[in-house]
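S.K.: Return a 3D structure for these sequence lines:
(2 chains)
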Amino acid sequence: MLDVKDTAVTDDHADPVIGDPRAFAEKVAAWVPHDIVLKDAWFPLAHGFAVTEKPVRRAVYSQPYFLWREGGKAVAAECHPADGLTASKSAYTDAAGRYPVIEKYGYVWCWLGNPANAAPEHLPSLPYLPEDGGLPLHMLGTVRFDCTAPLSLENLIDLTHADFLHADVVGDEKMDKETVEVFHDTESITMVRTCVNKSVAPVMKLFGGVKSDVQQVRQVIRIYLRSHAAIAYGRFSPGDNVQLFHPCVPETRDRTRLDYTMNTSNVKKNNPFRYVMPKASYKVSRQDSSMTSPQSPRYMRPEKRKDLHSPLDEAGQKYRVLMLALAERQARGDFAHRDNVSADCSEIIGYQKP
Amino acid sequence: MVDGWWALARSEEVTSAKPINVDLAGQPIVLWRDRGGVARALEDRCPHRRAPLSLGCVLGNGMIQCGYHGWTFDGATGHLKDIPNLKSDTKFPALYRANAFAVAESGGFLRVCLDAKAAPPAPASETLPLSGTVNVALDHEHYIAALFDDPSLVLAMRGVRFTPYLMAELAEREGRLVLERSCQWAGPRWPSPFSSDFPITLRISTDPVTGECDLLLRDDAFNPLLSATLAPVPAARGVTQVRWRAKLATRRPGLMAKWLGAGTPLTVLPAIDGAALRVLKPSASIHAAALREAMTTATPQAGAA
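M.R.: Numbering: from 1, shown residues only, chains lettered A, B, ... in the order given. Below is the predicted model:
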């Protein structure tokens, strides 16, 4: 059973990323993602459509969540309603065994942590998803990763992997120039990758009507650390923008559930890319799992050997350090949100609302 | 285990088309051939993000490229040679390398030693034409003990019945563990407990470190009928990977010896009969551990003398 501690704000406000380079490198090397369990966070446990009058079961770090609707309103409880409240109820739920719940962006979000700290302002901003949901089902899906959730997100934030692992979907490493910029606060990290004259994504060439052999690409990955949820926003010229919400729910410490939304409503209705691109997740996720699954057991225990890094790994290294800083702060009993994740991040990711 | 030369693949299993993954106990290893056809062995773990290199590819220049982020390594040294996305000709520090292991190829086996500086073993004189690989759910030590105590649990020779009787018990012979078991031809025979003589024997000569065995089936006139090499390797989760090669003698006097070549002369069993193994009494294997220990402690003294 997970523990709940009272929030105790600490006065350690040093930025772990811009401090001593040696301390930073040590933190990067101390990466054991299997041991990271973050609390006081909202997790998108189900697409809104999946929650009906009949309870469905979800889990975060093995903590049980039963979701259903009462009078149309989504609720979540620790025990199945048929079982009633058991004596083993955790401190994550109220006296009735219910979790805090918010329904937004087409998801039912549940709180893991002290219920008294649950607040709407801790729910991540997802600018290109309609707040009331309602996107068609063909833009939604569920895939699973056979690895720990932070590895899945470390994979995502280092997009050079896509040039090798997903070359048959998004194109290979051939391009004239690549730059990576990284921004962060205590609750999020944002990576912006700009590619000049990159080989065109085959999925756009085959289904999106792109005739050119090269594209100008700007890809943004923004990870909300506590929720293990990411925005993946790509602008392609020529080509259509790709608007993916990529929430990695840590069902257990070694398995990850992804109820994704690929919002292709920006693509013309007569363009097959609008319908094909959301389904690419089925292929891409298996390709990712082929690497992250064997990776995962190799990151379960501390190792003396340090990973090697290249200048392209800046985002991944900072992600590691920020996650560890959050985990260490929570271990000290400090669960405070020092930065606002619900503020509109459109400008940060370069998204222009239609 | 570091000092041993382990047969981790048959020569034909390793190509320059695609790297393969093998393991030696807990050590994952990737094998492939470079542009010159030379077999290479690195730790099957990219030092960048620990992904298996065996999921990558062999480039036209013979180097191996990780399938995750494209880090590219030289097989001879393990040195990192390229990170394609860097678009740079920068040379990488010596620290940027994957662990390289020593490789020796002869007799149709590719042998690997975890000590990259180990002296290569003496080459085999010939490559036996018949071959195969099986994965047996029994650990390496017990697998070899079963071979010593009752070969029928781990292999079958066409028309050959192994008896419980030894012509020579397990002993050290020129740095190897050697025993010789009496055998009968299959078919209606006087039962072995009541037989005065046996027409054939199976000699098993074993490397004390790796357990690699040379098998020799011969008749009572000392004509070799079937020779084989069995290379059991401790793999992950207690599995023993057994690679083998065999050759049938061209001249085999006698009807039964000729029948040996009428089909598959040697079958290395992919599964062990657990019920039979459980009740198998230790016999030939009972002194194996003591003999191995005596041999390993005697070796440095012999060297000093």
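S.K.: residues touching the residue nearest to the spatial centre of chain B, list them.
M.R.: The residue lying closest to the centre of chain B (CA atoms, centre = their mean) is B:Ala231, at 1.9 Å. Under the criterion of CB atoms under 8 Å, 6 or more residues apart in numbering or on different chains, the neighbours of B:Ala231 are B:6-7, B:109, B:210, B:212-213, B:242-244. Quick note: C-beta positions are derived from backbone N, CA and C, even for glycine.
S.K.: go again using 10 Å as the cut-off
M.R.: B:6-10, B:107, B:109, B:111, B:133, B:207, B:210-213, B:241-245 (CB atoms under 10 Å, 6 or more residues apart in numbering or on different chains).
S.K.: Residues of the stretch 101-250 of chain A that sit close to chain B?
M.R.: Applying CB under 10 Å from any CB of the partner chain, we find that the stretch 101-250 of chain A lies next to chain B at A:151, A:154-155, A:158-165, A:167, A:172-178, A:180, A:195.
S.K.: in the chain, which segments are predicted with low confidence?
M.R.: Let's take chain A. A:1-13, A:85-87 (pLDDT under 70).
S.K.: that's the other chain; I wanted chain B
M.R.: In chain B, residues with pLDDT under 70: B:1-2, B:299-305.
S.K.: Outline the domain layout of it.
M.R.: With domains defined by automatic domain parsing, chain B comprises B:6-113, B:130-304.
S.K.: Distance to A:Pro127 for these - can I get that in a markdown table?
M.R.: A markdown table is the format used below for the domains of chain B (distance: least, CB to CB, whole Å):
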| stretch | distance to A:Pro127 |
| --- | --- |
| domain B:6-113 | 29 |
| domain B:130-304 | 47 |
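S.K.: ranking these by burial, who's on top?
M.R.: domain B:6-113 (a mean of 20; mean count of other CB atoms under 10 Å in any protein chain shown).
S.K.: what separates that one from the chain centre, distance-wise?
M.R.: 21 Å (CA atoms, centre = their mean, to the nearest Å).
S.K.: Is that domain positioned near chain A?
M.R.: Yes - against chain A, domain B:6-113 shows contacts by CB under 10 Å from any CB at B:21, B:28, B:44-52, B:54-57, B:65-71, B:80, B:83-88, B:90, B:92-93, B:95-99.
S.K.: ok, back up a step: sitting in strands, which of the contacts of B:Ala231 do you find?
M.R.: B:6-10, B:109, B:111, B:133, B:213, B:241-245 (DSSP state E).
S.K.: Could you pick out the longest helix of chain A?
M.R.: helix A:314-331 (DSSP state H).
S.K.: Among the residues of the stretch 101-250 of chain A next to chain B, which lie within helices?
M.R.: Using DSSP H, these in helices are A:151, A:154-155, A:160-165, A:167.
S.K.: so which of those would you say is closest to A:Asp288?
M.R.: Relative to A:Asp288, the closest of these is A:Asn155; by CB to CB it sits at 5.7 Å.
S.K.: show me what contacts that closest one?
M.R.: A:145, A:147, A:161-162, A:165, A:248, A:288-289, A:291-292, A:295, A:316, B:49, B:51, B:68-69.
S.K.: circling back: next SSE after the longest helix of chain A?
M.R.: Moving toward the C-terminus from helix A:314-331, the next helix or strand (DSSP states H and E) is helix A:346-349.
S.K.: by contact count, what packs against that next one?
M.R.: strand A:188-199, strand A:214-224, strand A:229-237 (3 or more CB pairs under 10 Å, 6 or more residues apart in numbering or on different chains; DSSP states H and E).
S.K.: hmm, try it at 8 Å
M.R.: If you count contacts as 3 or more CB pairs under 8 Å, 6 or more residues apart in numbering or on different chains; DSSP states H and E, helix A:346-349 packs onto strand A:214-224.
S.K.: Return the distance of the strand it packs on from the chain's centre.
M.R.: The answer for strand A:214-224 is 15 Å, by CA atoms, centre = their mean.
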